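Asker: when you get a sec, could you give me coordinates for this:
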Amino acid sequence: MAKPAVLQQNKDFRRLYGRGKSCVHAGLVTYAAKNRMGECRIGITTSKKIGNAVTRNRARRVIREAYRGLTPEGPGAYDVVFVARAKTARMKSTEVQRVMRAQLTQLGVLRPC
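Answerer: Predicted structure coming up:
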């Protein structure tokens with residue numbers, strides 16, 4: 001399975017925070033906006049408010065695994081940023097995937113099932 005393209009530049013994150021649509025849940029915040037790249041790019045943000053490095057890394061792993069399960073449904077040319085919250089590290093990837101699917105559908109990235 002190919003790795004998804006990732007957002008790495010600060011200007012891309014700031015563009016999504018400022019102009020992108022957002023959806024909030026107790027365990028995950030999602031920002032999305034269309035791009036002109038022709039592929040979906042994702043970014044994951046975890047702040048120090050979440051906890052120590054082990055907790056932040058677990059939150060990132062859970063979000064990546066949840067997104068990996070949604071990839072066959074094929075989001076189009078969108079930039080998506082997932083912001084982890086304190087609850088994210090304690091959630092299972094299937095639960096995060098359910099929340100992620102609902103948020104991406106609400107933002108128009110995924111088609112409703």
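Asker: centroid-nearest residue for the protein?
Answerer: Nearest to the mean C-alpha position of the chain, by CA atoms, centre = their mean, lies F82 at 2.9 Å.
Asker: I'd assumed Q97 was in contact with that one.
Answerer: No. Look at F82 against Q97 with CB atoms under 8 Å: they stay out of range, at 11.5 Å. Placement of C-beta: from N, CA and C, glycine included.
Asker: list the buried residues for the helix or strand harbouring F13?
Answerer: Element membership of F13 [criterion: DSSP states H and E] is helix 10-19. By neighbour count with 16 or more other CB atoms under 10 Å, helix 10-19 contains the buried residues 12-13, 15-16.
Asker: counting contacts, what elements does that helix pack onto?
Answerer: strand 28-34, strand 41-45, strand 78-84 (3 or more CB pairs under 8 Å, 6 or more residues apart in numbering; DSSP states H and E).
Asker: before we move on, the earlier item: who touches the residue nearest to the centre of the chain in this structure?
Answerer: Contact analysis of F82 by CB atoms under 8 Å, 6 or more residues apart in numbering lists 28-30, 42-45, 63, 67, 100.
Asker: tally up the residues packed near Y78, please.
Answerer: 21 (other CB atoms under 10 Å).
Asker: from what I can see it touches M37, true?
Answerer: No. Applying CB under 8 Å as the test, Y78 and M37 come out as separate, 9.4 Å apart.
Asker: so after the helix holding F13, what's the next helix or strand?
Answerer: Following helix 10-19 toward the C-terminus (DSSP H and E): strand 21-24.
Asker: ok, and the closest non-adjacent residue to A5?
Answerer: Excluding the flanking residues, the one nearest A5 by CB to CB, 6 or more residues apart in numbering is R41, at 4.3 Å.
Asker: distance check, the one you found against K3.
Answerer: Separation of R41 from K3 (CB to CB, to the nearest Å): 11 Å.
Asker: of the two, who's got more company?
Answerer: Just comparing R41 and K3: by other CB under 10 Å the higher neighbour count belongs to R41, 18 against 7.
Asker: beta partners for the more buried one?
Answerer: Following DSSP bridges, R41 is listed with bridge partners A5, D79.
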